[in-house]
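1. This is a predicted model, with the sequence first.
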Amino acid sequence: MNDEFSSEPEVPLLCASRISVVYNLKKIPERGEPDDKYEEYDPLSTVEAVADAIAAFGFDVSLCEQDDGFHRRILDQAPDLVANIAEGRGNGRAREAQVPCFLESMSIPFWGSDGLSMAVALDKLLTSRTLGSEGIPVPFSRSFREAGELSALPALFDLHSRYIVKPRYEGSSKGVFSDSVADSPKEAEEKIRRIWRRYGQPALVEEYLPGEEITVGVTGNGHPSVAGMMRISPVKAGEVFLYSLEEKRNYLEKIRYDGPETIPPALRDQLGRLALAAFRILELMDMARLDFRLDGDGIPRIIDVNPLPGLSPLYSDLPILHRLSGGDYRGLIGTILGSALRRYGMTFQTVPAGRTAS
């Protein structure tokens, strides 16, 4: 496990005491809007869990929603560091960069990756191209923006027999449904048009990988380390499995999570090396979750990179895989927090586990 509090930094330290948690609060979609419109946003229970875990280390914690009053409120709070879990407003492909870019412009330190890495990682096509150019295994994919490009579909099915169709820049499995797999150009076109109508963005047609799905957590900076990994599989096996929106919403009944001890050691080592390499290539910071699927030859390929992973202690993949790998929620938040503080040359007096800050 990565423990960012365990070693002394080699730079002069600034004392940190105030931390603001910046977030987007989950809302109920309006009539006529997709029911997953706010799927990436956090319920208050997650925001409070993050805040409570940070406060347990002795910090003075404030909450700050990214809404119309965000800019004024965060300046009034004057935090030493921001714990950013905000996904951004609107549906643009750079929305996850909104909060980091503002904080950078105001010289306010924050945990997590900067705006550039956030924007690239949200765009699945750019992420795949970047990693593929560096020799990281990724599935074949193509983006479709408009009807004139649909004539290319038959040629794609000469390359691979099955594809998954999903939005090009969404997270939390938005737009990935149990029926998002296409076995013909006709099916692919129907699902592409659904993405256009529902999300108003390009559709990504990606080679379907038939093997197991494994997700890996990474924390740290200059010397990042694997925070854990887990295998994700359906409770009821079938010919096709997608870790889709429906499965995530009903994970207790539909999904089985197995810890790293169930993954063969050689594959475990390979996954760790690839995850750390991708983390460095994309120049991520403090935390990320990297999702893999095995292809027909058993080669792990990266299907998604999330530098802003969910932090619900109950249902988010990063806390679950960390727990299955022997960690706990307080330790995970502490590692992420410590990584960011060290990066900015900050320190603080920690409160030992089991004690309450006075």
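-> Arrived safely, thanks for sending.
2. Report the contact partners of residue 189.
-> 150, 153 (CB atoms under 8 Å, 6 or more residues apart in numbering). Every C-beta, even on glycine, is put in place using the N, C-alpha and C of the backbone.
3. So it belongs to a helix, correct?
-> Yes - applying DSSP: H, G, I helix; E, B strand; the rest coil, one finds residue 189 inside a helix.
4. how far away is it from residue 292?
-> 28 Å (CB to CB, to the nearest Å).
5. Ok, residue 240 next?
-> 17 Å.
6. Just want to know which of these two has more residues nearby.
-> Counted by other CB atoms under 10 Å, residue 240 and residue 292 do not tie: residue 292 has more neighbours, with 26 against 14.
7. can you pull the contacts of that one?
-> Counting by CB under 8 Å, 6+ apart, residue 292 has contacts 213, 214, 215, 216, 271, 274, 275, 300, 301, 302, 303.
8. Among these, which lie within strands?
-> Judged by DSSP state E, the contacts of residue 292 include 213, 214, 215, 216, 300, 301, 302, 303 as members of strands.
9. Point me to the residue sitting closest to the centre of the chain.
-> residue 306 (2.7 Å; CA atoms, centre = their mean).
10. Read off the pLDDT value for that one.
-> Residue 306 carries a pLDDT score of 97 in this model.
11. same deal with residue 182?
-> 98.
12. and the residue lying closest to it once chain neighbours are set aside, how many residues sit next to it?
-> With sequence-adjacent residues excluded and distances taken as CB to CB, 6 or more residues apart in numbering, residue 182 is closest to residue 188, at 3.9 Å. When neighbours are counted by other CB under 10 Å, residue 188 registers 24.
13. wait, doesn't residue 188 sit right on residue 164?
-> No - applying CB atoms under 8 Å as the test, residue 188 and residue 164 come out as separate, 9.6 Å apart.
14. Need the overlap of contacts for these two.
-> 182, 205.
15. Helices of this protein, residue ranges please.
-> 44-55, 70-77, 98-105, 115-122, 124-133, 153-159, 185-199, 245-249, 251-254, 265-281, 317-324, 329-343 (DSSP state H).
16. Quick one: closest of those helices to residue 140.
-> helix 153-159 (6.7 Å; CB to CB).
17. Nothing else from me, thank you.
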